[in-house]
Every structure is written in structure tokens, then in C-alpha cells.
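[1] Provided below for reference: sequence and predicted model.
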Amino acid sequence: MSSQIQSIETLLVDLPTIRPHKLSMATMATQTMVIVRLHCSDGIEGLGEATTIGGLSYGPESPESMKVNIDTWLGPVLLGEDAANINALMAKLSKVAQGNAIAKSALETALLDAQGKRLGVSVATLLGGAQHTHLPVLWTLASGDTERDIEEAQRLVDERRHRDFKLKIGLRSVDQDVRHVAAIKAALGDNVSVRVDVNQAWDENTAVRAISALQEAGVELIEQPIPAREHAGMARLSRRFEVAMLADEGVQDSTDGLTLISQGFSGAFALKIAKSGGPRGALRLAQMAQTAGIGLYGGTMLEGTIGSVAALHAWATLPAMAWGTEMFGPLLLTDDIVARPLKFAEFGVELPTGPGLGVEIDEDRLKEFAR
Ligand code: MUC
Ligand code: MG
């Protein structure tokens with residue numbers, strides 16, 4: 001029996017963060033997500049999430065523009081179509097809309113969730129099958145205060161919640177940043193991994209100076225030190241240093257992946273379903289990375305539970321990722337809009353079992369936080 005897409009609802013949801021989250025381009029006190037509810041003629045609902053960071057400061061889509069674009073352009077072309085044919089539906093979306101990767105990712109997630117529920121299988125099963133049910137998760141230290149970051153990290157290590165930490169730098173001077181990172185690494189010791197994310201804040205000369213000092217301090221991974229478009233620069237930095245480079249904003253999808261690989265980049269790619277227009281696009285990039293010997297990292301746009309779970313189903317289908325994942329988004333928020341929160345323990349998270357995403361909305365909470 002076929003099922004048609006009947007209606008697509010979008011809601012802006014604002015959730016406060018547990019503390020200010022300071023990135024080089026924005027300080028977050030709330031996270032805004034666009035929640036997609038896709039209703040099908042067989043009574044099945046698919047859930048999706050479109051989330052970015054800091055309004056328009058991270059990328060060209062804002063929460064408000066994603067809602068308008070789904071309501072006006074993307075959603076209407078799916079109405080009345082066969083809900084089960086995700087290939088055909090996503091091809092239709094690429095035809096009517098350039099870009100808009102995050103909005104497309106939310107719709108693809110909702111289609112996968114609905115189809116999984118229809119067949120009684122998890123999204124990971126739809127994507128070929130999970131190879132893991134527990135995935136490692138790091139934590140980002142971004143309070144802006146060195147002592148507070150050290151206390152936060154030590155508590156999380158003691159609780160066995162996280163043992164890998166990413167530090168957000170690039171807002172202050174290189175000397176201040178290096179002192180901050182080195183103090184944290186020295187305090188936490190050799191049993192934890194310390195990485196930095198510069199979010200494109202440096203030019204290449206500054207990056208060379210800073211990375212030498214960070215390598216000396218024991219940092220293990222340098223994420224997006226220079227602007228996203230500077231693929232050749234990223235390739236040069238990856239060859240110059242022993243410490244590994246991680247491409248994030250510079251590798252949105254497999255097209256960017258191909259450019260970086262052909263320029264001689266080595267290191268790792270941060271996969272994000274939001275950057276690649278959905279879980280399937282992120283897996284296409286992962287396959288290219290594996291072919292080229294590039295390490296994998298499961299990245300987040302600081303999504304809430306729905307978006308994080310969608311990514312986890314995709315990452316679970318891959319071989320163990322060299323750099324783990326950062327799917328901690330729900331833990332950065334004071335509240336949640338789902339009935340059963342994700343289980344974070346033993347330095348990682350458990351993959352929900354489905355059907356579909358395996359996530360259920362808490363309607364009261366959703367009402368409370370919907371704009
Ligand atoms: C980014 O650029 O990686 C991921 C973790 C975090 O704290 O910020 C994000 C965005
Ligand atoms: Mg990043």
C-alpha cells in the first residue's frame with residue numbers, strides 16, 4: 001500500500017544553553033531549531049530537525065530562513081508524492097532548490113524516520129545497518145574561562161561522560177589562546193585528548209605560528225584554522241605539521257571532499273548531516289574519505305535530540321571513526337522536547353533502536369518552547 005505526503009509542519013523551537021557557548025564567530029545563550037513534522041496518508045509521522053549556529057554567523061541559512069524556505073519552496077513540492085521513494089523525493093528537492101543543505105537535511109531525516117517506522121526498522125537499518133550501538137562523544141569546552149573549563153572537564157572525566165575535549169579558540173590573540181589551551185592540556189594530563197576548533201579565524205601565517213605552539217602543547221587535532229574556501233591552504237597545513245588537521249566548514253559535501261583530496265589534503269573530515277543535505281550525503285562524503293585514507297569524525301551543528309539522533313544512525317553504519325564524534329548537542333541545552341532523552345555514559349552515547357529514529361516528541365515540552 002503506498003503512502004503519500006499529506007502535510008509538512010515546521011516549528012521554531014528555542015532552548016536555552018546551560019552556559020554561554022563561546023565560538024570565534026558567536027556566543028550562544030540559546031539554540032534555535034526548526035522541527036519538521038511530516039505527515040503521511042498512512043498516519044505515519046516523520047520527524048526532522050534543521051539547526052545552525054548563531055543565526056547567520058555560521059552559514060548562509062538562518063533558522064527563520066530555513067522555516068520560510070521549507071514552508072514556501074521545499075515542502076510544497078513533496079506534497080502528494082510517494083513518501084517511500086526517498087531517492088526520487090530528494091532529487092526533486094535538488095531540482096527546485098540550490099543550496100539549502102540544512103533545510104534539505106531536516107526533510108531527508110523526516111522521510112527516513114517515516115519510512116523506518118513504516119517498515120518497522122531503524123534509520124541505521126535503512127542506511128545499510130548499524131555496526132555499532134555505542135558511539136564515543138567528546139565535549140566542547142567554550143566557557144571562555146580557563147579555570148572554569150578545567151573544572152568542567154575534570155568533572156566530566158570523573159563522571160566517565162567524556163574524555164576527549166574540543167576547545168573553541170580564535171576569538172582572542174594567538175598568545176592568549178595558546179596559554180589557555182596549554183594550561184588545560186597540562187591540567188588534564190595524558191589520558192585525555194585535547195583538540196581545538198578555530199572556526200576559520202586565522203590567516204595561513206597566523207595558523208603556522210599558532211599550530212607550532214599548539215602541537216608543542218600536546219594538542220591532537222586542529223579544526224578549520226583558516227577560511228573554508230582556502231582548500232589549498234588546508235592541504236599545505238596538513239603536509240607541514242605532524243598534528244592532524246580537521247576540515248569542517250571547508251568540507252560541506254563530497255564536492256568539497258574531492259577538491260581537498262585532489263589538492264593533497266591529508267587528515268580528517270568532520271561529517272555533518274546538515275552540511276551535506278542529509279544523512280545520505282554525509283555518508284557519500286564518508287565513503288570518499290575512506291577511499292582516500294582521510295580520517296572520519298562525526299560532527300554536530302549543536303542540534304537537539306532529533307538532529308543528533310539522525311546523525312548517530314548514519315555514523316553507526318560506518319566503521320569506527322578515527323576521531324569519534326561530537327554528538328553532545330542535547331547536553332548543552334537546559335531542556336529537551338523529546339519523551340526519552342539520549343543516554344550518555346561511558347564516554348559515549350547509546351544509539352536509539354528505532355523504528356525510524358527511535359525518538360518521540362514530548363508534546364507539552366514542544367508547546368512550551370515553540371516560538
Ligand atoms: C563546529 O564548528 O564544529 C561543534 C561543536 C561545537 O561546540 O560547535 C560546533 C560547531
Ligand atoms: Mg567546527
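    Sure thing, it's come through. These numbers come from a predicted model, not from an experiment. Ligands and ions are numbered 1, 2, ... in the order given.

[2] which residues of this structure fall in helices?
    With helices called from DSSP state H, the chain shows them at 63-69, 75-78, 86-96, 101-119, 123-126, 146-158, 174-188, 204-216, 231-240, 254-262, 279-292, 305-316, 363-369.

[3] Would you mind measuring from residue 298 to ligand 1?
    Residue 298 is 11 Å from ligand 1, where distance means Cβ to the nearest ligand atom, to the nearest Å. C-beta here means a position set from N, CA and C on the backbone, and glycine is covered the same way.

[4] so who does the residue lying closest to that residue once chain neighbours are set aside touch?
    Using Cβ to Cβ, 6 or more residues apart in numbering and skipping the chain neighbours, the partner closest in space to residue 298 is residue 325 (3.1 Å). By Cβ atoms under 8 Å, 6 or more residues apart in numbering, residue 325 lies in contact with 135, 136, 137, 138, 297, 298, 299, 300, 311, 312, 315, 349.

[5] Now for the residue nearest to residue 172 when sequence neighbours are not counted, how many residues are close by?
    If the residues on either side of it in the chain are set aside, residue 172 comes closest to residue 180, at 7.5 Å by Cβ to Cβ, 6+ apart. Counted with other Cβ atoms under 10 Å, the neighbours of residue 180 add up to 19.

[6] Let me know the distance separating residue 180 from residue 29.
    21 Å (Cβ to Cβ, to the nearest Å).

[7] Among the contacts of residue 325, which one lies nearest to ligand 1?
    For the contacts of residue 325, the residue nearest ligand 1 by Cβ to the nearest ligand atom is residue 300; the value is 4.9 Å.

[8] what's the burial count for that closest one?
    24.

[9] Can you get me a residue count around the residue lying closest to residue 353 once chain neighbours are set aside?
    Excluding the flanking residues, the one nearest residue 353 by Cβ to Cβ, 6+ apart is residue 122, at 6.0 Å. Residues lying near residue 122 (other Cβ under 10 Å) number 25.

[10] these two touch, right, residue 122 and residue 355?
    Yes - counting by Cβ atoms under 8 Å, residue 355 is a contact partner of residue 122 at 6.4 Å.

[11] who touches both of those two?
    Contacts common to residue 122 and residue 355, judged by Cβ under 8 Å, 6+ apart, are residue 116.

[12] What's the separation between the residue of the stretch 201-350 of the chain at minimum distance from ligand 2 and residue 236?
    At 3.6 Å from ligand 2, residue 248 is the closest residue in the stretch 201-350 of the chain, using Cβ to the ion. To residue 236, residue 248 is 17 Å away according to Cβ to Cβ.

[13] And for residue 127?
    Distance from residue 127 to residue 236, by Cβ to Cβ: 35 Å.

[14] Need the residue closest to the centroid of the chain.
    In the chain, the centroid-proximal residue (Cα atoms, centre = their mean) is residue 300; its distance is 1.7 Å.

[15] was I right about that one contacting residue 272?
    Yes - under the criterion of Cβ under 8 Å, residue 300 makes contact with residue 272 at 6.8 Å.

[16] Spit out the residues that contact the two alike.
    With Cβ under 8 Å, 6+ apart as the test, residue 300 and residue 272 both reach residue 311.

[17] Skipping adjacent residues, who's closest to the closest residue to ligand 2 within the stretch 51-200 of the chain in space?
    Nearest to ligand 2 in the stretch 51-200 of the chain, going by Cβ to the ion, is residue 197, at a distance of 4.4 Å. Sequence neighbours aside, residue 223 is the residue nearest to residue 197 in space, at 4.0 Å (criterion: Cβ to Cβ, 6+ apart).

[18] How about residue 227?
    Nearest to residue 227 is residue 200, by Cβ to Cβ, 6+ apart, at 4.8 Å.

[19] wait, isn't that neighbour in contact with residue 24?
    Yes - contact criterion Cβ under 8 Å: residue 200 and residue 24 qualify, at 7.3 Å.

[20] Identify each buried residue in stretch 37-54, please.
    Within stretch 37-54, the residues that count as buried by 16 or more other Cβ atoms under 10 Å are 37-40, 44, 46-54.

[21] Any idea how far apart the tips of that stretch sit?
    Taking Cα to Cα, to the nearest Å, stretch 37-54 runs 23 Å from one end to the other.

[22] per-residue pLDDT, residue 298?
    On the pLDDT scale, residue 298 is placed at 98.

[23] wait, doesn't residue 49 sit right on residue 106?
    Yes - using Cβ under 8 Å, residue 49 is in contact with residue 106, at 5.5 Å.
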